[in-house]
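> Would you be able to build a 3D model of this:
(one chain, ligands or ions: 2)
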Amino acid sequence: MALDAGWADEVRRLARERDAVILAHNYQVAEIQDVADHVGDSLGLSRIAAASDASTIVFCGVHFMAETAKILNYDKTVLIPDSNAGCSLADAIDADQLRAWKAEHPGAVVVSYVNTTAEVKAETDICCTSSNAVEVVQSIPGDVEVLFCPDQFLGAHVQRITGRQNMRIWMGECHVHAGITGADLKEMVDAEPEAELFIHPECGCATSALYLATTGVVPRERTKVLSTSGMVAAAERTTARTVLVATETGMLHQLSKANPRTEFRPVNRAAVCRYMKMITPEKLLASLREGRDVVDVPRDVADRARTSVERMIAIGTPSRTKE
Ligand code: 13P
Ligand code: SF4
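Ligands and ions are numbered 1, 2, ... in the order given. Sure, this is the predicted structure:
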């Protein structure tokens with residue numbers, strides 16, 4: 001649907017009126033990325049949410065991201081344009097399952113990917129995102145067992161990089177990234193043998209890509225496993241004519257803006273997160289007009305979850321966001 005010519009001006013006017021900052025994840029539709037104050041990955045947006053002095057945060061992303069903003073800014077109003085925007089990965093483990101897993105491994109440190117509910121974060125020692133997961137696990141003494149949840153592909157990536165044996169991985173997955181397969185990747189590489197590869201560590205193909213790279217089927221030196229904002233930084237630096245991108249297709253917008261000389265092609269065009277796309281330009285406008293949907297987290301859950309999120313924010317190099 002074509003947007004009203006005055007849509008962006010009205011969004012900006014309402015944001016000023018509400019003293020609101022608009023944050024958008026790299027997978028949002030292009031119009032929302034372009035109107036937002038900041039665009040970035042989960043870690044970068046968490047850092048901005050923590051530092052913001054606006055009285056309202058409008059989070060254009062999925063629900064766990066808006067919950068994280070609320071945990072870090074308990075006295076502020078946090079809005080999400082559609083509170084039904086969930087995440088299949090966050091649904092892969094709940095607090096009861098995590099408590100039962102912890103009971104089987106007393107003394108283990110729990111590392112949870114930020115794609116988890118506030119209740120799961122409240123049972124977690126340190127959260128991580130795709131851009132600092134390796135550093136978070138490396139920060140834990142080598143003789144301490146680690147329980148890593150909920151993403152099996154990110155877990156496998158971290159285990160490969162750290163070489164850590166005493167790490168148990170929950171077998172969750174994101175339906176979008178698990179759907180990008182090694183076969184998709186191989187087909188694209190065969191068609192574009194000179195291309196570079198940017199791969200999100202949640203992808204089903206992340207494991208096969210590294211296997212293919214070590215066996216020489218795909219070029220090792222041109223295969224990069226990156227968070228969404230790591231991809232933007234790599235896009236600015238690349239001189240490749242073509243880059244094959246294995247993640248949600250919303251990512252292509254920031255990559256093309258970062259480097260108009262390179263062609264960024266999705267490894268799988270069908271890799272679209274229906275939850276991220278539930279946040280539409282019309283719903284953003286309604287959210288600012290009507291002050292909805294309000295994101296709430298019970299105070300005791302937020303207080304317990306905050307420690308694990310603050311540890312996550314403190315670890316790793318700041319990820320890149322667009323202002
Ligand atoms: P990033 O942490 O790279 O932003 O990824 C978040 C996400 O939901 C991936 O699907
Ligand atoms: Fe969740 Fe996957 Fe969507 Fe990311 S792409 S928000 S992990 S369902």
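> pLDDT of stretch 71-88, averaged?
For stretch 71-88, the mean pLDDT works out to 96.
> which parts of that stretch are buried?
71-73, 76-82, 85-88 (16 or more other C-beta atoms under 10 Å). Yep, even glycine has a C-beta here, placed from its N, CA and C like the rest.
> does any bit of that stretch sit next to ligand 1?
No. Contact of stretch 71-88 with ligand 1 is not found when judged by C-beta under 6 Å from any ligand atom; the minimum separation is 6.6 Å.
> quick one: is that stretch near ligand 2?
Yes. Stretch 71-88 lies within reach of ligand 2 by C-beta under 6 Å from any ligand atom, at 87-88.
> what's the first-to-last distance across that stretch?
End-to-end span of stretch 71-88 (C-alpha to C-alpha, to the nearest Å): 21 Å.
> now do stretch 270-280
Using C-alpha to C-alpha, one end of stretch 270-280 lies 19 Å from the other.
> now the most centrally placed residue in the chain, nearest residue through space, not along the chain?
Most central in the chain under C-alpha atoms, centre = their mean is S42, positioned 4.4 Å from the mean C-alpha point. Once flanking residues are discounted, S42 sits nearest to T129: 4.5 Å by C-beta to C-beta, 6 or more residues apart in numbering.
> follow-up on the earlier one: how much space between the residue nearest to the centre of the chain and ligand 2?
Using C-beta to the nearest ligand atom, to the nearest Å, we find S42 at a distance of 9 Å from ligand 2.
> ok, now which ones touch that residue?
Counting by C-beta atoms under 8 Å, 6 or more residues apart in numbering, S42 touches 25, 61, 65, 68, 114-115, 129-130.
> mind running it again at 7 Å?
If you count contacts by C-beta atoms under 7 Å, 6 or more residues apart in numbering, S42 has them with 65, 114, 129.
> Equivalent analysis for A90, please.
Counting by C-beta under 7 Å, 6+ apart, the residues that A90 touches are 64, 115-117.
> returning to that earlier point: my guess is the residue nearest to S42 meets L43, correct?
Yes. Counting by C-beta atoms under 7 Å, T129 does reach L43; the two are 4.0 Å apart.
> Between these two, which is the more surrounded one?
For T129 versus L43, neighbours defined as other C-beta atoms under 10 Å are more numerous around L43 (29 against 26).
> May I ask which helix or strand encompasses the more buried one?
helix 42-51 (DSSP states H and E).
> Do any residues in that helix lie close to ligand 1?
Yes. Judged by C-beta under 6 Å from any ligand atom, helix 42-51 and ligand 1 are in contact via S42.
> Just the angle for the longest helix seen in the chain relative to helix 42-51, thanks.
When the chain is parsed with DSSP state H, its longest helix is helix 299-314. Counting by axes from the mean of the first three to the mean of the last three C-alpha atoms, to 10 degrees, helix 299-314 lies at 120 degrees to helix 42-51.
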